[in-house]
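Novice: Here is my input, please return the structure:
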Amino acid sequence: MIDTRFLQRLLLDARRTLKLAIPLMLAQLITMGNGLVDAIVAGRLGRMELAAGGIGAALWFFASLSCIGLMAGISPTLSQLIGQRRRAFVGAVFTQGLWLGVITGVVAMLSAWLIIASIDRWSLDSELVPLIRLYLLPASFSLPAFAVVMACRNACEATGYTRGVVVIQLLGLLVNIFADLAIGLGWFGFPRLGLRGIGIATALVSISMAVALVIYLRGDRFSRYQFLSSFAKPSWSDIKPMLIVSLPIYLTLLFEAGLFTATTVQMGMLGTLEAGAHNIAISISGACYMLPLGLSFALTARAGRVYGRQAYQSLKLRVASGMLITILLALLTITLLLLFRHQLPELYSADPEVRKLASALLVLAAIFQLSDGLQVTLLGLLRGMNDTRVPMLINAFSYWAIAFAAGYYAAHHLGWGAKGLWGGLILGLTVAAILLSIRLWIRIRQVGAEVV
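Specialist: Sure thing, here's the model as predicted:
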C-alpha cells in the first residue's frame, strides 16, 4: 500500500529540488550550447576541421577539469556553513576559494601548453595536429577566467540563487555565437580565422562571464554573505579544508573525462570519419548529460545543508526525490535520442557517411542515459555528505579497469571500431552507477547510526 503522506512529501521535495536545479540545468545546457555552436561552425569549415575541433575541445576540457573539480569543494563547504547558521564565515571562505581558482586557472593554462607541445608525438593523423593547435592555443588563455567562473557558480549554487547564472551563461553563448561567426567563418566583415577564431571565441566567452559573475555576486541579493566585500590574502588554513573535499572530486572528474578524452583521441587514430561522427554524437549526448549534471549540483547543495544539521530523515527524502527526478530525466533523453537520431547529425555535417555513423552512435548513447544520469546524481549526493574519496576510487575502477579496457579491446582487437569504444563506455558507466548506489546506501546508514 502506498504511503500517501510520504508520496506528498516526496513530490514537494522534488519540486523544491527542481526549483534550484532547473536554472542549473539550463545553465549547463547553455554551456553545452557553446560546444554545439563550435562544432557546427567547425563542420562548416570541413570534415578535417570538425574532427580537429572535436579533439581540441576534448583536450581543452581535459585541461579545464582542475578548474571544475577544485572549485567543486566550494559549494558543499558553503552549504554546510549556511546549514549550520554560520553566515559570517561564508564570504571569507569564498574569497579563499577564489584565490584557489586563480591559481588553479593558471596551472590549467600551463598544462594546456604542455599538451600543445607534445601533441605531435601522439599517433594522430598528421593533418589533424596543426589544426588542433590552431584551436587549442588561443582557447587555453580562457582557463584562468574559467576557474573564476566556476568559483562564482559554486557560490550561487550554495546560496540557492541560481537564476542569475542562467542569464550570464546566456550572455556567454551570445558572445560565442557572434565571435564564432565573425572570426571563425569571417562574417560581418571580419577576417576568416577558422579554428583559431573558434579558440579566440572560447577565451572571450570565459572572460565576459567571469566579469559578469563577479559583478553579480557584489549585488544586494548576496549582501548577507559579504562576497568580495573585502580583500584578504591567501590563507592555507582556509584553503586546505576545501582542497580536502575538492581534490578527490577533481580526480573523479579526471578519471571520467580522461576516459572520454582517451576515447576521442582513439577515434582520431581510427580515422577522420570516426572522429567526426564521434564529435557529433558526443556533443549531442553531452547535451543530454547536462540535465542530470545540473541536478547533481543542486543535490550537492541541498544534501549539504541537511547533512550539516544532521537531519537524517530530510537527507533520505532528498535522496529519494533526486533518484526519482533522475529516472524521469533519463526516460526523456532516451526518447529524444531515439526519435531524432537521424535528424540531429544533419545540423553538424553534410557528409552522409559521417551522419550515418553518428546516428548509429546515438543509439548507443541512448542505452547509457540511465546509468550516466544515476552515477552523476549519486556523486552529487555523496559530495553533499563530504564523501568524495571512495567515489573517486569507484570511478577510477569503473572507467579505466572496465570501460577503457573493454572499449580498447572491442575497438582494436575485435574490430568493432567506434561502436566498440562506445560499448566500453556503456559497460563502465553501468558498473559505476551500481557501485555508487551501494556506497550511498552505506553512507545513509552511517549517518542514521550517528544521529541515533
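
Novice: now the helix or strand containing residue 421: how far from the chain's centre is it?
Specialist: Element membership for residue 421, per DSSP states H and E: helix 417-451. Relative to the centre of its chain, helix 417-451 is centred 18 Å away, using Cα atoms, centre = their mean, to the nearest Å.

Novice: So for that helix, what gets flagged as buried?
Specialist: Across helix 417-451, burial judged by 16 or more other Cβ atoms under 10 Å covers 417-436, 439-440, 443-444, 447. Backbone N, C-alpha and C define where each C-beta goes, glycine included.

Novice: Now residue 228: closest residue in space that isn't a chain neighbour?
Specialist: residue 218 (5.4 Å; Cβ to Cβ, 6 or more residues apart in numbering).

Novice: Please read the previous query as pertaining to residue 74.
Specialist: residue 154 (3.8 Å).

Novice: burial measure for the one you found, as a count.
Specialist: Neighbour count of residue 154, defined by other Cβ atoms under 10 Å: 28.

Novice: same deal with residue 73?
Specialist: 26.

Novice: quick one: it and residue 104, what's the gap?
Specialist: As judged by Cβ to Cβ, to the nearest Å, residue 73 and residue 104 stand 11 Å apart.

Novice: Next: residue 37.
Specialist: 26 Å.

Novice: how about the helix or strand of the chain with the lowest mean pLDDT: buried residues?
Specialist: Between all helices and strands in the chain, the lowest mean by mean pLDDT, DSSP states H and E belongs to helix 74-83, at a mean of 77. By 16+ other Cβ under 10 Å, the buried positions in helix 74-83 come out as 74, 75, 76, 77, 78, 79, 80, 81, 82, 83.

Novice: Give me the contacts around it.
Specialist: For helix 74-83, the external contacting residues (Cβ atoms under 8 Å, 6 or more residues apart in numbering) are 87, 89-90, 93-94, 97, 151, 154-155, 157-159, 241-242, 245-246, 297, 300-302, 304-309, 383-384, 386.

Novice: List buried members of those residues by neighbour count.
Specialist: Here, 16+ other Cβ under 10 Å leaves 89-90, 93-94, 97, 151, 154-155, 157-159, 242, 245-246, 297, 300-302, 304-308, 383-384, 386 buried among the contacts of helix 74-83.

Novice: How many neighbouring residues does residue 247 have?
Specialist: Neighbours of residue 247 (other Cβ under 10 Å): 18.

Novice: again with residue 132
Specialist: That count, for residue 132 with other Cβ under 10 Å as the rule, works out to 26.

Novice: Show me what the helix or strand hosting it is packed against.
Specialist: For residue 132, the host element (DSSP H and E) is helix 128-140. Applying 3 or more Cβ pairs under 8 Å, 6 or more residues apart in numbering; DSSP states H and E, one finds that helix 128-140 contacts helix 47-71, helix 90-118, helix 195-217.

Novice: Adding mean pLDDT and distance to residue 144, write the ones you listed out as TSV.
Specialist: What follows is the helices and strands packed on helix 128-140, written out as TSV (pLDDT from 0 to 100; distance: least, Cβ to Cβ, whole Å):
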stretch	mean pLDDT	distance to residue 144
helix 47-71	83	9
helix 90-118	87	3
helix 195-217	93	8
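
Novice: Give me whichever of the ones you listed is most buried.
Specialist: Greatest average neighbour count among the helices and strands packed on helix 128-140 goes to helix 47-71 (a mean of 25), per mean count of other Cβ atoms under 10 Å.

Novice: Run the angle between that helix and helix 128-140 for me.
Specialist: 40 degrees (axes from the mean of the first three to the mean of the last three Cα atoms, to 10 degrees).

Novice: I figured residue 102 was touching residue 144, is that so?
Specialist: Yes - in this structure, residue 102 is within contact of residue 144 by Cβ atoms under 8 Å, at 6.4 Å.

Novice: Many thanks, have a good one.
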